[in-house]
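Student: missing the sequence, but the structure's below:
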């Protein structure tokens, strides 16, 4: 009996010590090693240049290969340069496009890219993919987790995977027909995750840096947050691939590897927030509340 | 056997018809009756007046009675008039307070209200409360639903209820001690629902109208999105109770009753989006994605 009491007390003390030594996300980042981080691949990174600064988008060719290929072509032919952000709907999205898209005489000509593509709402699930599952469940999908830095869902019954509409997700706007998008009109999620859009739009990537330049734009006054004629659309200086920019002009940032041990520690730290400020620890976390740390090199 | 086949076919046709006649939220609103709506109670409504316009906040005395009482006193003594929005953190919150709160000589004197109060993170669950449960579950709480127009959670084991940190939720900022808040510093959620804050801060209400005036503010450059010394805090013209404003100057808006049949129809419509644009219907909805319709009278 005494032995059990002793074991119980040891266990209790151990638990308490563990509780006390759990690190906050910033402490974990401070302790991280260089191998815990990856640079962005310049060939899969877009720089959206606005007057206010640079928005950096990481593309996800593993989930939307044809759309990503098309978006790269459009970037390389400078399709978006001089176009504009035409929509900012509160708690939803900002969207950029050709403000003259409905005027055949004025609209920008697409040279090498395509105007529309078949949808890539979901992709065949590759069992070799490194899926880092989140154990807390999800309201919308059977399983959620991370693949190569992206929040994703998978359904092993249908053997499909898809990217999630978390804050900062970037997608290819479309009209009613599934194949009416293609990447010429892109949007970024600026509000509470509109997860009902999952599998309804082809997501092509997510914003890694500069979200505040999009999310703080004045909301459009017309229906669905489009800027009306009295408002000034926000000009796009350029939207290019990082690999097409001189190396000296690229932003040197790194993203924490989502298949690393330290990323699991970050998730644990966010489940059970160790900071003194927290009085109640949720002990659970919802996928779009998991931060994927980014740092400048 | 034939009879069963007939029944089955009838059932199938009926299901399809139901599918086709499901109305969108805007169609439901167009069909609603005046009894489906309630006006805001001027004695429980705050008008936050900025240069850009009016933000309307509905208070929740049923969940934070002491904080709401204190906030009303502070509004009536014009505590916030001339103070400022001092923080705008991307994908998180905006916060308003006395920019001189740490300068004893300059800081605004509190007259009739209190600087701090005991926390009201959760309240005893009153079984007579009309709790309209959402059947889709939740990652953070045992049960979620709506009480009198507010998204809430309850735990029947602990017999407690609490307001949720959905987009637009308004809370009383605090320091590390639970009783260090009280309502002098208020914040509104401007990003993806930070549900880990539930039961860590006293929520006092939610923004009913004008969220875009807060969510589109430039993000602060200092730590946690506070405006630094080079930035201009956003001035608060006034923060008063609607009941203290001449009736002619009040905004005539109504909120859909969350215990109405039509609100259930709205939730169903948002679970199974009938609009032609949707190709995949989630058939589920997460509590902070449920819109609570508002209309001008």
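Tutor: That came in fine, so what should we check first? Just so you know, these numbers come straight off a predicted model, no measurement behind them.

Student: Near chain B, which residues of the stretch 1-150 of chain A are found?
Tutor: A:88, A:90, A:91, A:119, A:121, A:136, A:137, A:138, A:139, A:140 (Cβ under 8 Å from any Cβ of the partner chain). For the C-beta atoms, the positions are set from N, CA and C on the backbone; glycine is no exception.

Student: Give me the nearest residue to the second one, chain neighbours excluded.
Tutor: To tie it back to what came earlier, the one meant is residue A:90. Nearest residue to residue A:90 in three dimensions, chain neighbours excluded: residue B:212, at 4.2 Å (Cβ to Cβ, 6 or more residues apart in numbering or on different chains).

Student: Now name the helix or strand holding the one you found.
Tutor: Element membership for residue B:212 (DSSP states H and E) is helix B:211-215.

Student: So what touches that helix?
Tutor: A:90-91, A:191, A:215-216, A:219, B:50, B:52-55, B:85, B:88, B:94, B:167-168, B:188, B:190, B:207 (Cβ atoms under 8 Å, 6 or more residues apart in numbering or on different chains).

Student: now stretch A:227-236
Tutor: Residues contacting stretch A:227-236 (Cβ under 8 Å, 6+ apart): A:48-51, A:80-88, A:96, A:99, A:217-218, A:220-222.

Student: so does the helix or strand harbouring residue A:170 get close to chain B?
Tutor: For residue A:170, the enclosing helix or strand under DSSP H and E is strand A:169-172. No. Applying Cβ under 8 Å from any Cβ, one finds strand A:169-172 out of contact with chain B, separated by at least 10.9 Å.

Student: So in that sheet, which strands flank that strand, and in what orientation?
Tutor: strand A:186-189 (antiparallel), strand A:202-209 (antiparallel) (DSSP bridges).

Student: ok, which stretches of chain A are helices?
Tutor: Assigned by DSSP state H, chain A shows helices spanning A:2-21, A:25-31, A:65-76, A:211-215, A:261-271.

Student: roughly how far out does the second one sit from the chain middle?
Tutor: In this case it means helix A:25-31. Offset of helix A:25-31 from its chain centre (Cα atoms, centre = their mean, to the nearest Å): 22 Å.

Student: Do you know the pLDDT at residue A:229?
Tutor: Note on residue A:229: pLDDT of 88.

Student: Please work out how many residues are found near it.
Tutor: Using other Cβ atoms under 10 Å in any protein chain shown, residue A:229 has 6 other residues around it.

Student: so how far is chain B from it?
Tutor: Using Cβ to the nearest Cβ, to the nearest Å, residue A:229 is found at 19 Å from chain B.

Student: who does the residue most central in space within chain A bridge with?
Tutor: With distances taken as Cα atoms, centre = their mean, residue A:206 lies nearest the centre of chain A, 2.9 Å away. Beta bridges link residue A:206 to residue A:58, residue A:169 when assigned by DSSP bridges.

Student: Run through the residues that contact the residue nearest to residue A:78 when sequence neighbours are not counted.
Tutor: Of all residues beyond its chain neighbours, the one nearest residue A:78 is residue A:238 (6.9 Å), with distances taken as Cβ to Cβ, 6+ apart. When contacts are counted by Cβ under 8 Å, 6+ apart, residue A:238 touches A:47, A:49, A:78, A:80, A:81.

Student: Taking those, tell me the two that lie furthest apart.
Tutor: A:47 and A:78 (12.5 Å; Cβ to Cβ).

Student: joint contacts of those two?
Tutor: A:238, A:240.

Student: between those two, who's got more neighbours?
Tutor: residue A:47 (23 against 15).

Student: ok, the more buried one touching residue A:239?
Tutor: Yes. The pair residue A:47 / residue A:239 is scored as a contact, 7.2 Å apart, by Cβ atoms under 8 Å.

Student: one step back: what's the PyMOL line that selects buried ones from the contacts of helix B:211-215?
Tutor: Here is the PyMOL command that picks out the buried ones among the contacts of helix B:211-215, judged by 16 or more other Cβ atoms under 10 Å in any protein chain shown:
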select buried, (chain A and resi 90+91+191+215+216+219) or (chain B and resi 50+54+55+85+88+94+167+168+188+190+207)
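
Student: among the contacts of helix B:211-215, which are in strands?
Tutor: Using DSSP state E, the subset of the contacts of helix B:211-215 located in strands is B:50, B:53, B:54, B:55, B:85, B:88, B:94, B:188, B:207.

Student: Just grab the bridge partners of the second one for me.
Tutor: Read it as residue B:53. residue B:50.

Student: again with the fifth one
Tutor: On the basis of DSSP bridges, residue B:85 is bridged to residue B:96, residue B:234.

Student: Could you double-check that it sits in contact with residue B:218?
Tutor: No. Using Cβ under 8 Å, residue B:85 is not in contact with residue B:218, being 10.3 Å away.

Student: Next, work out how far apart residue A:54 and chain B are.
Tutor: Taking Cβ to the nearest Cβ, one finds residue A:54 at 15 Å from chain B.

Student: Identify the residues contacting that residue.
Tutor: Residue A:54 touches A:47, A:48, A:209, A:210, A:213, A:251, counting by Cβ under 8 Å, 6+ apart.

Student: so can I have CSV of the residues you listed showing pLDDT?
Tutor: What follows is the contacts of residue A:54, written out as CSV (pLDDT from 0 to 100):
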residue, pLDDT
A:47, 98
A:48, 98
A:209, 98
A:210, 98
A:213, 98
A:251, 98
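
Student: re earlier: need the pLDDT of the residue nearest to the centre of chain A.
Tutor: 98.

Student: again with residue A:5
Tutor: Taking residue A:5 on its own, its pLDDT is 54.

Student: So which bits of the stretch 151-297 of chain A are right by chain B?
Tutor: A:166-168, A:175-176, A:178, A:191-196, A:198-200, A:211-212, A:215-219, A:270, A:273, A:276-280, A:282, A:284-286, A:288-289.

Student: Please check the residues you listed and keep the buried ones.
Tutor: A:166-168, A:178, A:191-196, A:198-200, A:211-212, A:215-217, A:219, A:270, A:273, A:278, A:280, A:282, A:284-286, A:288-289.
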